[in-house]
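A.B. asks: next come a sequence and a model predicted from it.
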Amino acid sequence: MDAPVAPAAPALPAGPLARARACLAELYGEERAAAAWADVVELLARSGARPALAAPTEADAVLIAYADAFHAPGPLPPLAVLDRVLRACAPGAFSRLHLLPIHPATSDGGFAVADYGAVDPALGDWDDVARLAGRYGLMLDAVVNHTSARHPWFADWLRRRPGLPDRYIEPPADLDASALARPRTSPPAHAYALPDGSVRRAWTTFSADQVDLNFGDPAVLVEMTGVLLGYVARGARMIRLDAVAYAHKEPGTNCRSLPGTHALVRFWRAIIDHAAPGTLLVAEVNAPEHEVLPYLGRGDEAHLVYRFSPAALTMLAFMREDPGALADALAAAGAPPPGAWLFNVLGTHDGIQLAPVEPFVAPSDIADLCARCRDAGGLVGERAGAAGPAPYELDISYFDAINPPGRAPRHVEVRRFLCAQALLLSLQGIPGVWSHALVGSRSWDGARREGDARAINRQRLAAGPLLAELADPSSRRHAVNRGVVAALAARAAEPAFHPDAAQEVAVHGPVLVITRTAADGSRAVCAHNTGSRPARIPAGGPGGRLISGVGEIEGDRLAVAPDAHAWVRLPA
């Protein structure tokens, strides 16, 4: 009689799944990881696999917009109005669209999510989202750090309902808040009253209405992984991990960008690589830049990470007519690892971030930026600091940030603004353009009435009057819109702007030069004059052709107009 055969050991996962499984063990230890892995495998089986998507190219640029960025009378929901406006003012200019949170929410411009599975009826429905996904590579927001205090999950947690994940964090009574790196001045924990009169405290990095999720419980990680895969099923081709740097908590640390947070991001990267190859995971990290770049890992963490530093440093360059600090920051970043890219922005729904530039400027530079912002009609947001509140962001439209109202003729303002946008588009990686930059908006005077400093850069625009202004050749909006769209077209046509194309940075007085080199050896020399006088710089080589901006090739020199850019294509 044959001896009994021992059952075969379970096969270990391969490829991305092996990476995901290893991250679980790193986060929770082997025993808890094994139990969670069974749930992950079941989740992946239900979700199915998606065909692989192509990698980004020079034609890729992202428009960042609220679903209700534009409104119009009549039956069309805001998501449909957004589609209509973009087709009218930027046809073919953007390959990708970042929709800011579309869910039912209770505060913070949609970032206090009350239901991850629904679209806010005031914006439209999933069919409207699907139509946009059919036209663009869609980026959806995964607000992974917290939910609304009115999310049903939080009500269950407050009441300690049995049999549910421990979804939120009850901080120790002696939590030392002075050690925390936080983007707000509000308390890091709040007390919530229950119907029986008792009170339970919860961790709140951002506000009393935004309660942090507890990724110390693996069931919470599985639930939020299901949210991400749900976005893929709804057509998302990019997923933005909002405020992900704060996701992992360890009392006694600063609770930002901890090793556990990086393990979470690597886990999600592996899951996405397996289930939807080519779908891009984007880490939104607002911190000093040396803390931001590690979110790309070795090409195994986020596919993209936000680079906020060009915003404040470009503003400073025009203030001083000196792009030196910006050049230093660009050079310090280095080349991303294979399979990863930088997501470059000048403007977003938030203000101009200051933390990312701290390694490159002096405190006096930060003070000067704050003073210029206030002088131009903007506001300065604050965060909690070791010595009390400290500047955190400049709340102002980017047009006004580099063009304080009433200081220069309109044609100079427009040229300077287009120079800044061209600088953004020239950088290695993928650019993100804020919707108000596309249409040349100034700061909104209704922000103070609303009591929300960030609203200064978030005005919802009436579609009809906006389209009329865009059609008027004498208007500021027309000039800005045409200029941005033309620069995007020039960028999309040149292999030297491929996200992987090499980048070299040089400074010639007030001119920042970004030279991009394609795989075929062709080059784009991108000159950006932050000064108020014409400049002449080396043209980069013979045979050049101006493809964007205001300049002229004069033998071996490139003449660049003041406050303007000039892009030159050089043959291989």
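C.D. replies: In hand now; what should we look at? Quantities reported herein were computed from a predicted structural model and do not represent experimental measurements.
A.B. asks: what about the helices in the stretch 351-500 of the chain?
C.D. replies: Under the criterion DSSP state H, counting those that start in this stretch, the stretch 351-500 of the chain contains helices at 363-375, 398-402, 410-426, 435-438, 447-450, 463-470, 476-492.
A.B. asks: export those to a markdown table and tack on mean neighbour count?
C.D. replies: Placement of C-beta: from N, CA and C, glycine included. Output for the helices of the stretch 351-500 of the chain, formatted as a markdown table (neighbours: other Cβ atoms under 10 Å):
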| stretch | mean neighbour count |
| --- | --- |
| helix 363-375 | 16 |
| helix 398-402 | 26 |
| helix 410-426 | 23 |
| helix 435-438 | 26 |
| helix 447-450 | 14 |
| helix 463-470 | 17 |
| helix 476-492 | 20 |
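A.B. asks: of the ones you listed, which shows the lowest average pLDDT?
C.D. replies: Across the helices of the stretch 351-500 of the chain, helix 447-450 has the smallest mean pLDDT, namely a mean of 79.
A.B. asks: just the C-alpha atoms of that one, please, in PDB.
C.D. replies: Backbone C-alpha positions of helix 447-450 (Å, rounded to 0.1, in the frame of the first residue of the first chain) are rendered in PDB as follows:
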ATOM      1  CA  ALA A 447     -13.400  83.700  -1.100                       C
ATOM      2  CA  ARG A 448     -13.600  86.100   1.900                       C
ATOM      3  CA  ARG A 449     -17.400  86.000   1.800                       C
ATOM      4  CA  GLU A 450     -17.300  82.200   1.900                       C
END
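A.B. asks: what helices or strands is that helix leaning on?
C.D. replies: Under the contact criterion of 3 or more Cβ pairs under 8 Å, 6 or more residues apart in numbering; DSSP states H and E, the helices and strands touching helix 447-450 comprise an empty set.
A.B. asks: and for it, what's in contact with it?
C.D. replies: 379, 395, 453-456 (Cβ atoms under 8 Å, 6 or more residues apart in numbering).
A.B. asks: contacts only, for F318.
C.D. replies: Shown here is F318, whose contacts under the criterion Cβ under 8 Å, 6+ apart are 402, 416, 420, 530, 563.
A.B. asks: can you put the helices of the stretch 351-500 of the chain in TSV and add distance to C255?
C.D. replies: Shown next, in TSV, are those (distance: least, Cβ to Cβ, whole Å):
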stretch	distance to C255
helix 363-375	24
helix 398-402	31
helix 410-426	31
helix 435-438	32
helix 447-450	30
helix 463-470	42
helix 476-492	38
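A.B. asks: right, and the ones you listed - which one's nearest T204?
C.D. replies: helix 447-450 (22.1 Å; Cβ to Cβ).
A.B. asks: returning to what we had before: the contacts of helix 447-450: which two are farthest apart?
C.D. replies: Using Cβ to Cβ, the two most remote members of the contacts of helix 447-450 are L379 and A455, lying 9.8 Å apart.
A.B. asks: measure G110 to A311 for me?
C.D. replies: Computed with Cβ to Cβ, to the nearest Å, the distance linking G110 and A311 is 21 Å.
A.B. asks: how far does stretch 316-332 stretch from start to finish?
C.D. replies: Across stretch 316-332, the straight-line distance between its terminal residues is 18 Å, by Cα to Cα, to the nearest Å.
A.B. asks: what separates it from the chain centre, distance-wise?
C.D. replies: Here the centre of stretch 316-332 is set off from its chain's centre by 21 Å, with Cα atoms, centre = their mean, to the nearest Å.
A.B. asks: buried residues of it, list them for me.
C.D. replies: Neighbour-count burial for stretch 316-332, with 16 or more other Cβ atoms under 10 Å as criterion, is recorded at 316-319, 321-323, 325-327, 329-330.
A.B. asks: for stretch 298-312, same thing?
C.D. replies: Applying a neighbour-count criterion of 16+ other Cβ under 10 Å, the buried positions in stretch 298-312 are 300-312.
A.B. asks: compute the number of surrounding residues for R131.
C.D. replies: R131 has 15 neighbouring residues, counting by other Cβ atoms under 10 Å.
A.B. asks: and the nearest residue to it once chain neighbours are set aside, how far is that from C89?
C.D. replies: The shortest distance from R131 to any residue that is not its chain neighbour, by Cβ to Cβ, 6 or more residues apart in numbering, is 6.6 Å, and that residue is D83. As defined by Cβ to Cβ, D83 lies at a distance of 12 Å from C89.
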